[in-house]
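**Q** okay, sequence plus prediction incoming.
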Amino acid sequence: MLTPNILRQNYTLFSRPYQLKLPLEIGHTIPDNDCVRLLGQFVEELDLSDLYSTYSRVKENQVSPRQMLKIMLYAYHEHNYSSRGIEKACRRDINYMYLLEGRSAPDHATIARFRSIHFGQVADKYLAMTARYLMDLGEISGREIFIDGTKIEANANKYTFVWKKSVTKNQVKLLEKTALLVQECVESYGLREIWHGQVKEKHLSKILRKLYKIKDEESIEL
């Protein structure tokens, strides 16, 4: 019995609005000015011998360290820091697929190992290499120093921030009050002055131990 030769126009398999297409090159769908192309070219120009040296061997059928570095840098550029989130993006996002160059998406455990075990050993060197590369391009001058201005939320009130100047100012006042308290303890209980005009933590701990001992003896007498 002959099977009927069924031809489907335009290879539409599911519904009329859906057109099944198989792109030959995924890079054609990414704009020429997309940052993912710049990042990929930047990694290609880096000397990755130190990164490869952290591996005992690299399998031919697995994602290479070069490709892993590309997807990790691009993920951080997109504020995607979760290993599971990066794995999901590698399966769904066309830019990540472009960086993988046709390789299968790595799982979250592979991404976590690369970030902590392999790249963690050489991160400082590649950050310095990136800074020198940007200086050569004229993107940074190297004459200014920027201090980290990270604000940390307090547990008592998540909308309250503590600034460095405020901490320094209050620390000076606290040390002054501590010095007056120590002087009062010395005068009241006859403790020997051992800090030579300066209040130090190790001296405070000794004075507090003596002070607690004296107070315990006074309470026993009462």
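**A** Sure, I can see it. Residues are numbered from 1 along each chain as shown.
**Q** so who does residue 90 touch?
**A** 71, 96, 97, 100, 105, 106 (CB atoms under 8 Å, 6 or more residues apart in numbering). For every residue, glycine as well, the C-beta is placed using N, CA and C.
**Q** please redo it, this time with the cut-off set to 7 Å
**A** 71, 96, 100, 105, 106 (CB atoms under 7 Å, 6 or more residues apart in numbering).
**Q** would you turn the residues you listed into a markdown table with pLDDT and secondary structure?
**A** Listed next are those as a markdown table, based on pLDDT from 0 to 100; DSSP: H, G, I helix; E, B strand; the rest coil:
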| residue | pLDDT | secondary structure |
| --- | --- | --- |
| 71 | 94 | helix |
| 96 | 93 | helix |
| 100 | 91 | helix |
| 105 | 91 | coil |
| 106 | 92 | coil |
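**Q** considering the residues you listed, which possesses the most neighbours?
**A** residue 71 (31 neighbours; other CB atoms under 10 Å).
**Q** roughly how far does that residue sit from residue 86?
**A** Plainly put, residue 71 is 7 Å away from residue 86 if you go by CB to CB, to the nearest Å.
**Q** same question for the closest residue to residue 47 other than its chain neighbours, what's its three-state structure.
**A** Using CB to CB, 6 or more residues apart in numbering and skipping the chain neighbours, the partner closest in space to residue 47 is residue 129 (7.7 Å). Here residue 129 is recorded as helix under DSSP: H, G, I helix; E, B strand; the rest coil.
**Q** could you report the neighbour count for residue 129?
**A** Counted with other CB under 10 Å, residue 129 comes out at 14.
**Q** got the confidence number for it?
**A** You'll see residue 129 listed with a pLDDT of 86.
**Q** again, but for residue 148
**A** With respect to pLDDT, residue 148 has a value of 72.
**Q** ok, now which ones touch it?
**A** Counted by CB under 7 Å, 6+ apart, residue 148 has zero contacts.
**Q** okay, now the unreliable bits of this protein?
**A** Confidence mapping of the chain against pLDDT under 70 gives the ranges 1-24, 152-162, 185-186, 189-222.
**Q** now the helices for the protein?
**A** Counting by DSSP state H, the chain has these helices, from start to end: 35-44, 49-53, 65-77, 83-92, 94-100, 108-113, 119-137, 164-189, 201-221.
**Q** domain assignment for the chain?
**A** As given by automatic domain parsing, the domain ranges for the chain are 9-137, 164-221.
**Q** tell me the most buried of these?
**A** Counting by mean count of other CB atoms under 10 Å, domain 9-137 has the highest mean neighbour count of the domains of the chain, with a mean of 14.
**Q** how close does residue 121 get to residue 28?
**A** 37 Å.
**Q** residue 76 now?
**A** For residue 76, the distance to residue 28 - CB to CB - is 26 Å.
**Q** go on, residue 34?
**A** 12 Å.
**Q** what of residue 73?
**A** When residue 73 is compared with residue 28 (using CB to CB), they lie 23 Å apart.
**Q** same question, residue 171
**A** The value you get for residue 171 to residue 28, if CB to CB is used, is 60 Å.
**Q** residue 170 now?
**A** Counting by CB to CB - residue 170 and residue 28 are separated by 60 Å.
**Q** can you pull the contacts of residue 142?
**A** Contacts of residue 142 by CB under 7 Å, 6+ apart are residue 135.
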